[in-house]
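Asker: The sequence and its predicted three-dimensional model are supplied below.
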Amino acid sequence: MDLKIFNEESLQKLLIGIFTIFTTFGVKYIYEDIDDYIENILKSKWMRRLYIFGFAYLATQDLYIALLIMFLYLFFLKCCHKCKNNK
């Protein structure tokens, strides 16, 4: 019976989690290194939609579910926008 605390699979998941945290906190510093033109492209509406799709795809590893999540996100935003305008 192998009683190792970290086998290869759990170590890989741990490293992915740590790098995800580093990426989450480090992304804001990337904007300091790029030009205003590139920054405006990255902040565009279409790029934000691509980010949502990318995050969903990385989390699910399924193209169709990632597309579904992105469309649900867009639907939710439209509903919130309509509710905000009706007030």
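Answerer: Sure, I can see it. Residues are numbered from 1 along each chain as shown.
Asker: check contacts around Gly26.
Answerer: Under the criterion of C-beta atoms under 8 Å, 6 or more residues apart in numbering, Gly26 has no contact partners. C-beta coordinates here come from the backbone N, C-alpha and C atoms, glycine included.
Asker: So it versus Asp33, what's the distance?
Answerer: 11 Å (C-beta to C-beta, to the nearest Å).
Asker: and Tyr73, how many residues sit next to it?
Answerer: 16 (other C-beta atoms under 10 Å).
Asker: Ile52 is in contact with that one, correct?
Answerer: Yes. With contacts counted by C-beta atoms under 8 Å, Tyr73 reaches Ile52, the gap being 5.2 Å.
Asker: Domains in this structure, by residue range?
Answerer: 8-43, 44-87 (automatic domain parsing).
Asker: quick one: low-confidence ranges for this protein?
Answerer: 1-6, 84, 87 (pLDDT under 70).
Asker: Identify each of the strands in it and give its residue range.
Answerer: Taking DSSP state E as the test, none of the chain falls into strands.
Asker: From Leu15, how far off is the residue nearest the centre of it?
Answerer: The geometric centre of the chain, computed from its C-alpha atoms, lies nearest to Phe55 (C-alpha atoms, centre = their mean), at 3.1 Å. Per C-beta to C-beta, Phe55 is found 19 Å from Leu15.
Asker: and if you look at Leu63?
Answerer: Remark: distance between Leu63 and Leu15 (C-beta to C-beta) = 25 Å.
Asker: before we move on, the earlier item: out of the domains of the chain, deepest packed?
Answerer: Counting by mean count of other C-beta atoms under 10 Å, domain 44-87 has the highest mean neighbour count of those, with a mean of 12.
Asker: Distance from it to the middle of the chain?
Answerer: Computed by C-alpha atoms, centre = their mean, to the nearest Å, the chain-centroid distance of domain 44-87 equals 11 Å.
Asker: cool, stretch 24-42 as well?
Answerer: For stretch 24-42, the distance to the chain centre is 15 Å (C-alpha atoms, centre = their mean).
Asker: Nothing else from me, thank you.
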